[in-house]
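> got a sequence here, can you model it:
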Amino acid sequence: MAVCPLCKTEDCEAAYHELTIRTLQAGDSSFMHQHTVDAYTAQHARPDTPPIGPFFALAGLYLALEEGFTGREVQLAHMAMAKRKGEFGPWPVFTPPLSRGDVGVVQVAKEESLSEALRRWMESVWTAWEVEQAKVRFETDRLVG
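Residues are numbered from 1 along each chain as shown. Here you go, the predicted structure:
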């Protein structure tokens, strides 16, 4: 098995698919599935990834970790951002960090209790993007309103 050059774990894509199934089947009202998508997308963003992916993922991490949004609220914020996009020009572009965090999807997928593991993963990825955080906050606040 090859090691993912971004998250430094083996078989991260398979673990991500397993985790998305688990979070979707959980049926929780907070919709933790959204946090899974955001953490994975931000951790695996490449310079050639279309800008909407990293931006929405980073916005989701910011809103969840710093503003206390649930996954469902992040999902609604993404919809609001998409509706207002035309008012502000193209999606902002972010430069991915060299290190993508100390926690990866494989570690989270192995956990019995997802909530705490998912939170650690989100925090690890958000911290890795520290250089871009101010820009993420500004752009997100501008679009969410």
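> need the pLDDT of P92.
Per-residue confidence for P92 comes out at a pLDDT of 93.
> please identify which helix or strand holds it.
With elements taken from DSSP states H and E, nothing contains P92; it lies in neither a helix nor a strand.
> for the closest residue to it other than its chain neighbours, give its distance to Q107.
Nearest in space to P92, with sequence neighbours left out and distances taken as C-beta to C-beta, 6 or more residues apart in numbering, is E139 at 4.7 Å. From N, CA and C alone the C-beta is placed, and that goes for glycine too. Between E139 and Q107 the computed distance is 29 Å (C-beta to C-beta, to the nearest Å).
> could you find the closest non-adjacent residue to L19?
Ranked by C-beta to C-beta, 6+ apart and with sequence neighbours excluded, the top spatial neighbour of L19 is A109, at 4.5 Å.
> neighbour count for E139 and Q107, which is higher?
Between E139 and Q107, counted using other C-beta atoms under 10 Å, E139 has the larger neighbour count: 20 against 17.
> next up, the contacts around that one.
For E139, the contacting residues are F55, A59, P92, by C-beta atoms under 8 Å, 6 or more residues apart in numbering.
> and the residue nearest to the spatial centre of the chain, how far from E112?
The C-alpha lying nearest the average C-alpha coordinate of the chain belongs to D38 (C-alpha atoms, centre = their mean; 2.0 Å). Separation of D38 from E112 (C-beta to C-beta): 22 Å.
> what's the answer for P51, then?
Between P51 and E112 the computed distance is 36 Å (C-beta to C-beta).
> neighbour count: the two, which is higher?
Neighbours were counted for P51 and for E112 using other C-beta under 10 Å; P51 has more, 13 against 6.
> for the residue nearest to the more buried one when sequence neighbours are not counted, give me phi and psi.
What sits nearest to P51 in space, not counting adjacent residues and going by C-beta to C-beta, 6+ apart, is W91, at 4.0 Å. As for W91, its main-chain torsions (degrees, to the nearest 10) stand at phi -60, psi 140.
> I'd guessed W91 sits against T49; true?
No - the pair formed by W91 and T49 falls short of the contact definition of C-beta atoms under 8 Å, at 11.0 Å.
> would you map the strands across the protein?
Assigned by DSSP state E, the strands in the chain number zero.
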